[in-house]
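Novice: Take a look and give me a structure for this.
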Amino acid sequence: MKKLIFCFDGTCNDPTDFDDFVADTSITNILKLHLLLGGTLVNESNVNTAPQSSYYYSGVGTYGSWLSRAFNSVFAPEFADINTILQQAKQDLARYQNQEVEVFIFGFSRGAALARRFAASIDVNVAFLGVFDTVAAIGLPDLSSNSRPASDVVFENGTLASNVMQAVHLVALDEKRLAFKPTLFNQDPRVLEVWFPGVHSDIGGGFWFDGLSDVSLAFMLQQAIKAGLVFYQPTDVNFTQLHDMHGLAICLDDIDIVPLIDGVLHQQQRGHHLATKTLAIRQLCVHEADNPSNQHTAIIHHSVMDRLNQVIEYRPVSLRNSRFRILEVSGTLSEEKIGIAALRAQQ
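Specialist: Below you'll find the predicted structure:
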């Protein structure tokens, strides 16, 4: 059966991100996944007979003039880039309407929201949905720490679409910006939602110093392989096809996966007055009916504990007096624990 993969990148993210090392930027985990799946920088316009084909869509805020890019990156109106991206993905899927296909979807940030919405809008089953730190709000950022993201681009709630067989959601434990509040899934046996150390782009990628985001990428790769996808080794990617219009090229150093538990955590620092208005601690929780549930316990990746034990100054405040279970290296879940002290006792 033909495998079709659809990859939706984050806000303002596209392949040119690899060329700004001064600003500590690089390509995201979404583009890395796409390239490791055999994708190129230009989506195929014709049906092919390869066993799997990957389609990549650059993020909201990367289309049109500089003015429209700026407008879309901030407000993400439904009629602009969001509609353009979704319609293109649907057209790419429609080319295979006469074939039996297996669909896999990936996304990061607003691209994760688009991935979830795309999955819900198509009339074929989705074998695997893998998303990094979903941010679904559009329009003006909701700066209330007490509300879930408003004006979803996904659907009316966080319920996984009925046609999705399996979903994996990797969430940033240390992100504090209110404009980046995560859109969690509602509790569902088909969903594996795991919290990782780092801020938004330490999970979905986009930094040149990407050791932390490679931790979450390696985990997503493992889950996708279990679901049936085949990935190239980074050294086997055909880099001769990865030149842009200016002759700049993505290379092995851009997609090599080197997970670093003690990698740079890119926490944003703000003055006290601005911080009180725009920052808040993320609540470690599982959602049920779009609200935090006392009946279910959040899952943190073992890398949170590993970093806590290796990096002296790492003390994730979202864990303070919070209930959680640890997803161990073996893949098993620990018994329920409470607070940072429980992790230190685990040493």
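Novice: Please make it C-alpha for all contacts and neighbour counts, starting now.
Specialist: Fine.
Novice: what about residue 310, neighbour count?
Specialist: For residue 310, the neighbour count with other C-alpha atoms under 10 Å is 11.
Novice: show me the contacts for it.
Specialist: 261, 262 (C-alpha atoms under 8 Å, 6 or more residues apart in numbering).
Novice: next one: residue 324
Specialist: 284, 297, 298, 299, 300, 336, 337, 338.
Novice: Okay, residue 201 and residue 281: tell me how far apart.
Specialist: Computed as C-alpha to C-alpha, to the nearest Å, the residue 201 to residue 281 distance reads 17 Å.
Novice: go on, residue 29?
Specialist: For residue 29, the distance to residue 281 equals 24 Å [C-alpha to C-alpha].
Novice: repeat for residue 127
Specialist: 33 Å.
Novice: Quick check, central residue of this protein?
Specialist: In the chain, the centroid-proximal residue (C-alpha atoms, centre = their mean) is residue 132; its distance is 1.7 Å.
Novice: Am I right that that residue is in contact with residue 169?
Specialist: Yes: taking C-alpha atoms under 8 Å as the definition, residue 132 is a contact partner of residue 169 at 5.8 Å.
Novice: Quick check: the spatially closest residue to residue 177 that is not a sequence neighbour vs residue 242, distance?
Specialist: Excluding its sequence neighbours, the residue lying closest to residue 177 (C-alpha to C-alpha, 6 or more residues apart in numbering) is residue 279, at 4.6 Å. Distance, residue 279 to residue 242, by C-alpha to C-alpha: 38 Å.
Novice: in the stretch 151-300 of the chain, what spans have low per-residue confidence?
Specialist: Scanning the stretch 151-300 of the chain for pLDDT under 70 picks out 151-157, 244-248, 271-273, 275.
Novice: ok, and for the host helix or strand of residue 83, which residues are buried?
Specialist: Assigned by DSSP states H and E, residue 83 belongs to helix 83-94. For helix 83-94, burial by neighbour count (16 or more other C-alpha atoms under 10 Å) applies to 85, 86, 89, 92, 93.
Novice: tell me the SS of the closest residue to the last one other than its chain neighbours?
Specialist: With C-alpha to C-alpha, 6+ apart as the measure, residue 4 is the residue that lies nearest to residue 93, at 7.9 Å, once sequence neighbours are left out. Here residue 4 takes the strand state, with states given by DSSP: H, G, I helix; E, B strand; the rest coil.
Novice: Could you check how many residues crowd around residue 4?
Specialist: 20.
Novice: Next up, the contacts around it.
Specialist: Residues in contact with residue 4, defined by C-alpha under 8 Å, 6+ apart, are 52, 53, 54, 55, 93, 101, 102, 103, 104.
Novice: Let's see if you can find the most crowded of these.
Specialist: residue 104 (26 neighbours).
Novice: which SS state does that residue fall under?
Specialist: Residue 104 ends up strand, using three-state DSSP.
Novice: Hmm, residue 127 and it touching each other?
Specialist: Yes: between residue 104 and residue 127 a contact is recorded at 5.8 Å, counting by C-alpha under 8 Å.
Novice: Format the buried residues of helix 83-94 as TSV; extra columns: distance to residue 108 and pLDDT.
Specialist: Compiled in TSV, the buried residues of helix 83-94 are given as follows (distance: C-alpha to C-alpha, whole Å; pLDDT from 0 to 100):
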residue	distance to residue 108	pLDDT
85	14	93
86	15	94
89	16	96
92	20	95
93	20	96
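Novice: Understood, closing this out.
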